[in-house]
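Visitor: Just to be clear, the model below is a prediction. Sequence and coordinates:
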Amino acid sequence: MKNVWIICRKELKSYFASPIAYLVITCFALIWGYVFYMSTAEFVRYGFMAEMQGRSAPMNVNEMVIRPLLQFGATVALFLIPLITMRLFAEEKKTGTIELLMTSPVRDWEIILGKWLGALMLYLCVLAASGLNVALLFAFGKPDWKPILIGYLGLILQGGTLLAIGTFISTTTKNQIVAGGATFFACLLLWLLSWTAYDNSGSGQIMSYLSIVTHFEGFAKGVLDSKDVIFYFSMIFFALFLTSRSMESVRWRA
């Protein structure tokens, strides 16, 4: 595992040595902050209206603020994750350093896992930026922290799945723009599959089950279901397995 962490640290440092990390974190923080402000403002306005009308309407900050935020964050990840993964292997191929990497005394799975973990670490930094807003809710209110942790676990698992898919796509081309565009298309397709939930046919239910949105809904509600966790881990394993096969094909062509 030593080689994995060395590659992981190298990837994470390379992100912050370029504008990618700062661009992704800034964009996510600004968008999340704006939606957080709008959600909390609507929550406060609803409370004032209920008080003026003499109604004792139940106010749940987890349901009215945090849950929509988590669902929105899962959607924004579709646009940001391609920016993170597009350079993982495509840049190595373009600069010719892929040959040096593959001839080094490091196994393919160590290279793949190290690069994927480096991308995941950057994604965790992105999510950490959103934690500052959530911390304000604890400073001025009393939200339930358990559903929040479960929701963030869902964001991490969903992000890890999409990052694994992006890692595989990055091995198939040396053009970063193509890798980013193809990753976005794949992420969007997995998101759109949730629309087939209204199709009661067998194929419709299967396609709906393959959607990343379908399995995130439980996390957003604060419900930890083993089938959703198993789905995400299975998708991560399958995508990284495809990545290893793609790496082998590069060796054969070489």
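Guide: Now that the structure is in, tell me what you want to look at.
Visitor: tell me, what residue is most central in this protein?
Guide: Residue closest to the average C-alpha location in the chain (C-alpha atoms, centre = their mean): G159, at 2.0 Å.
Visitor: Quick check: that residue vs F36, distance?
Guide: For G159, the distance to F36 equals 19 Å [C-beta to C-beta, to the nearest Å]. Glycine gets a C-beta too; all of them are placed from N, C-alpha and C.
Visitor: cool, and I212?
Guide: As judged by C-beta to C-beta, I212 and F36 stand 23 Å apart.
Visitor: picking up where we left off before, now that we're looking at the residue nearest to the centre of the chain, what pLDDT does it have?
Guide: We have a pLDDT of 92 for G159.
Visitor: quick one on the thing from earlier: between I212 and F36, which one's more packed in?
Guide: Comparing I212 with F36 by other C-beta atoms under 10 Å, the one with more neighbours is I212, at 26 against 22.
Visitor: can you pull the contacts of the residue nearest to the centre of the chain?
Guide: Under the criterion of C-beta atoms under 8 Å, 6 or more residues apart in numbering, the neighbours of G159 are 77, 81, 120, 123, 127.
Visitor: which stretches of the stretch 51-200 of the chain aren't confidently modelled?
Guide: Within the stretch 51-200 of the chain, the stretches with pLDDT under 70 are 51, 53-59, 195-200.
Visitor: Could I get the phi/psi values of N175?
Guide: Torsion angles at N175 (phi, psi; degrees, to the nearest 10) stand at phi -100, psi 120.
Visitor: count of neighbours near it?
Guide: 14.
Visitor: For it, give its distance to F89.
Guide: 11 Å.
Visitor: Equivalent analysis for V35, please.
Guide: 33 Å.
Visitor: give the contact list for A182.
Guide: Applying C-beta under 8 Å, 6+ apart to A182 gives the contacts 169, 172-173.
Visitor: Which one of the contacts of G159 is nearest to L149?
Guide: Closest approach to L149 among those (C-beta to C-beta): L127, at 12.0 Å.
Visitor: Surely that closest one and Q158 touch.
Guide: No: L127 lies out of contact with Q158 (C-beta atoms under 8 Å); the separation is 11.0 Å.
Visitor: ok, the two, which is more surrounded?
Guide: Per other C-beta under 10 Å, whichever of L127 and Q158 has more neighbours is Q158, with 25 against 17.
Visitor: Find the helix or strand that the more buried one is a member of.
Guide: Using DSSP states H and E, Q158 maps to helix 145-170.
Visitor: what's the offset of that helix from the middle of its chain?
Guide: Offset of helix 145-170 from its chain centre (C-alpha atoms, centre = their mean, to the nearest Å): 4 Å.
Visitor: moving C-terminal of that helix, what's the next helix or strand?
Guide: Using DSSP H and E, the helix or strand that follows helix 145-170 in sequence is helix 176-192.
Visitor: buried set for that next one?
Guide: For helix 176-192, the buried set under the neighbour-count rule, 16 or more other C-beta atoms under 10 Å, comprises 176, 179-180, 182-184, 186-187, 190-191.
Visitor: Tabulate these (TSV), appending distance to I112.
Guide: Below are the buried residues of helix 176-192 laid out as TSV (distance: C-beta to C-beta, whole Å):
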residue	distance to I112
Q176	18
A179	15
G180	19
A182	18
T183	16
F184	21
A186	17
C187	19
L190	20
W191	24
